[in-house]
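Participant: what follows is a protein structure lacking sequence information:
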């Protein structure tokens, strides 16, 4: 055991060391692209090559130096999106184009030529208010909406495209160690800049490039914008920073144990989607490329080119230039025109899909560590929650539960009766999650390995043998999830007959799927490894985890005969991962700074389409002091994915191990989460149907309020709650920004009305964190909690109504069985709308298609902001009978409480206040 541990930790301590990872200057394609400086582009458009097709406009551009023509395709896509594709006219062989991320081939609108003369081509869209101005020499595109230039392409002349070339004959012969025999050539390269065209070294590792250099790049200018967001995942601020020459944002999925904070290096996931915002418009750039990508950002003051010539009248406006550079593939970029933040979320989801609707249990609390030792340990921890009256839904098992890190197996000594253990959890209405990583132990006696080997399902090395690398089991091969046959076979492994000891309460955690390879360059798979279709790993690297999660989710659905929703957590992700489950921010540290950075990290992931995200509560690495642990539970309770997790070296930290007082406060935080579930589940339904992020930056809700644009220590949960976690040690006050000059805010727990928005100094104790309800919203809650979500099905509702300055409020509740696809296939759901207007509070149907029978009732309604005591309150049901309602009025807090209502949640009713 100790020997095993020392193996882990030598590997992991290595991982913390930043010298294991490249900085920008180590990256050959970046060095090559940086030789191209901003200025006049080398490319010019050949306007006589323009062809108008049904779905696009095509033209050729040519590089005046190397004379290689490129094909440009421009598409107008329904819903205010443009797509720009640039590829070689006749490449030596096909270049990689990312499959499976777009949910379908986008529906196009016809473009027409409005003008074509004197080196200018103007295209208009079906709706006349959108135009594309294409300049021939130098090649540039400007996107115009209602007469305003929103975005321009190649403004700085940084379009870069390395066309495929035949390999130089006998350039470098290799000896067995993969080092060059032609040392003179290498010496020659050391004397000048090594451009890494056909091979590239990093430390002792060599990357052989069979296809040679194939890098691409393009720059975009966002007019009038100085606030840009997105491109997760980085342990960085919400607002993207200007980059310097060797410090670009890197999108390259890597296993970085205990990653540094305020660093632009790539970590576990990559979503190449950037949002730009100014008070009157939000726009987006989605760069569809799965190879290593670097993004440079430069915000500057700019004099618009169409300003009047009189210098005194020129107005200086901000402009943000964004330069994208990828190692390979083609240029395939979607320009999202908004104009508001919610339009952008819809446009991006129209391309990549919305968040999968999670099973309700997965919105409860998850208890995890590396590792719960055995069945008795699981039983004891489970009982501990009941003993301390703390609700929880899921207990997790890390790698030690398997037989020698062979996934889909159980340790024969520690987990002899896995089904019996799951039956115990089932009786408690709880679930189990187990870890299943993509590396497969090289062991001919291990069925999964021998089957996959026989079928040729592993990634190959460049000589055609199965790629082998070191990971938890020792020598491992890696399943090639880019192959649809492998995904189908993998999905079948989750069938109960294949996965012995599994039951229908077992769900899955995909970890180490960047993929992580110990003792390899940057602790990941070598780029010259070969995947299905003969594509090199460099082309598909950022898709690897996306595909494993896809196959796993499919396996869990298949296992249930297509009936039940899956739950799959993944560490590595890409654009579109939202369709398959949840993500978390990886191996964080039990320090205050990691609690603080988790908020902008989760906000960035959320606005990039992945609503179901969270950070390990307490910090994975190390031992949190009790105050930090309490504050992390309080923050996590108001974030989408809520899981406590700890390292094998960390001391045990179940919520009751820190003294009675801390146990009480943690219990209260977790219970608060459970009362909030109806609101959270309704938010996830909105994320699933209309692509609204569950957790959102303030600027999304207050797009015109400049002071919100950089706020990252507080956030909106849906449109009705503002949450400000306490992220400083021993804090006695926090400064909370309550935005909007005409907004009304209420303390969510004490109901006090705050009529003076702006920055307020709010006193805090260890008891709780500040949460405010926005006037104008209705938040549905449960009146009490159960031991897990499933115990709470029939518990009654409380509706918390917060009136705005016009005495109005509106909100909703979504309800279904919480676990199946019946909401989709059989329309078995309830979607209710609650409205307070002119002293009438009503419940009506928000979606007539849905039908779902429930005994559940609304028992209590709290109305905040009622200015005077009513004389009577009556309720009318749809059958026309009125009855008196018991009410109390608190003049001090202007709160009206209506109790003992017992109104069926699925029925129409009206409450009249006189």
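Facilitator: It's in. Quick caveat, the model's predicted, so the values are computed rather than measured. Residues are numbered from 1 along each chain as shown.
Participant: give the next helix or strand downstream of the helix or strand of the chain with the lowest mean pLDDT.
Facilitator: Ranking every helix and strand in the chain by mean pLDDT, DSSP states H and E puts helix 183-191 at the bottom, with a mean of 36. Counting by DSSP states H and E, the next helix or strand C-terminal to helix 183-191 is strand 199-202.
Participant: can you show me the strands along the stretch 101-250 of the chain?
Facilitator: Taking DSSP state E, counting those that start in this stretch, the strands of the stretch 101-250 of the chain run over residues 108-109, 111-117, 120-125, 130-135, 140-145, 148-153, 160-161, 199-202, 205-208, 216-223, 227-230, 249-251.
Participant: is it true that residue 528 touches residue 209?
Facilitator: Yes - if you go by C-beta atoms under 8 Å, residue 528 and residue 209 touch, sitting 6.9 Å apart. (Each C-beta comes from the backbone N, C-alpha and C, glycine too.)
Participant: pull out the buried positions in stretch 467-487.
Facilitator: Buried residues in stretch 467-487, counted by 16 or more other C-beta atoms under 10 Å: 467, 469-473, 476-483, 486-487.
Participant: nope, stretch 704-711 is what I meant
Facilitator: 705, 708, 709, 711.
Participant: once you drop chain neighbours, what's closest to the last one?
Facilitator: Translated: residue 711. Closest residue in space to residue 711, ignoring its immediate chain neighbours: residue 698 at 4.8 Å, by C-beta to C-beta, 6 or more residues apart in numbering.
Participant: count the neighbours of that neighbour for me.
Facilitator: 24 (other C-beta atoms under 10 Å).
Participant: any idea how far it is from residue 227?
Facilitator: As for residue 698, its distance to residue 227 is 12 Å (criterion: C-beta to C-beta, to the nearest Å).
Participant: check residue 849 too.
Facilitator: 39 Å.
Participant: what about these two, which has more around it?
Facilitator: Neighbour comparison, residue 849 and residue 227: the larger count goes to residue 227, with 21 against 8 (by other C-beta under 10 Å).
Participant: tell me the contacts of that one?
Facilitator: 239, 276, 277, 278, 699, 709, 710 (C-beta atoms under 8 Å, 6 or more residues apart in numbering).
Participant: kindly report the same for residue 593.
Facilitator: residue 261.
Participant: same deal with residue 471?
Facilitator: Residue 471 sits in contact with 437, 439, 512, 516, 517, 518, where contact means C-beta under 8 Å, 6+ apart.
Participant: just those now: which is nearest residue 763?
Facilitator: Taking C-beta to C-beta as the measure, residue 763 sits nearest to residue 512 out of these, at 44.1 Å.
Participant: doesn't that closest one lie inside a helix?
Facilitator: No - assigned with DSSP: H, G, I helix; E, B strand; the rest coil, residue 512 falls outside any helix and is coil.
Participant: dihedrals phi and psi, it?
Facilitator: Its backbone dihedrals place residue 512 at phi 60, psi 20, with angles given as degrees, to the nearest 10.
Participant: apart from its chain neighbours, what residue comes closest to residue 674?
Facilitator: Using C-beta to C-beta, 6+ apart, the nearest residue to residue 674 is residue 785, at 4.0 Å.
Participant: who's in contact with the one you found?
Facilitator: 391, 671, 674, 675, 792, 795.
Participant: one more time with 10 Å, if that's ok
Facilitator: 364, 389-391, 670-677, 791-792, 795 (C-beta atoms under 10 Å, 6 or more residues apart in numbering).
Participant: that one belongs to a strand?
Facilitator: No - looking at residue 785 with three-state DSSP, it is coil, so not inside a strand.
Participant: how close does it get to residue 226?
Facilitator: Distance from residue 785 to residue 226, by C-beta to C-beta: 45 Å.
Participant: related to what we said a few turns ago, which of the contacts of residue 227 lies closest to residue 866?
Facilitator: Distances from residue 866 to the contacts of residue 227, taken by C-beta to C-beta, are shortest for residue 699, at 31.1 Å.
Participant: just give the nearest non-adjacent residue to residue 336, would you?
Facilitator: Using C-beta to C-beta, 6+ apart, the nearest residue to residue 336 is residue 284, at 3.6 Å.
Participant: with residue 402 instead?
Facilitator: Nearest to residue 402 is residue 409, by C-beta to C-beta, 6+ apart, at 5.1 Å.
Participant: residue 710 versus that neighbour, what's the distance?
Facilitator: Distance from residue 409 to residue 710, by C-beta to C-beta: 49 Å.
Participant: equivalent analysis for residue 471, please.
Facilitator: 40 Å.
Participant: try residue 582
Facilitator: Residue 582 is 27 Å from residue 710, by C-beta to C-beta.
Participant: which one of the contacts of residue 785 is nearest residue 763?
Facilitator: residue 672 (19.2 Å).
Participant: ok, then the element right after the one helix or strand that closest one maps to?
Facilitator: Assigning secondary structure by DSSP H and E places residue 672 in helix 660-675. Using DSSP H and E, the helix or strand that follows helix 660-675 in sequence is helix 677-690.
Participant: got the angle between that following helix and helix 660-675?
Facilitator: Interaxial angle of helix 677-690 relative to helix 660-675 (axes from the mean of the first three to the mean of the last three C-alpha atoms, to 10 degrees): 50 degrees.
Participant: which other helices and strands does helix 677-690 contact?
Facilitator: helix 341-352, strand 695-696, strand 715-717, strand 777-782, strand 797-802, strand 809-815, helix 822-825, strand 830-837 (3 or more C-beta pairs under 10 Å, 6 or more residues apart in numbering; DSSP states H and E).
Participant: buried ones in the last one?
Facilitator: For strand 830-837, the buried set under the neighbour-count rule, 16+ other C-beta under 10 Å, comprises 830, 831, 832, 834, 835, 836.
Participant: nearest to residue 252, of the residues you listed?
Facilitator: Distances from residue 252 to these, taken by C-beta to C-beta, are shortest for residue 831, at 41.1 Å.
Participant: no further questions, thank you.
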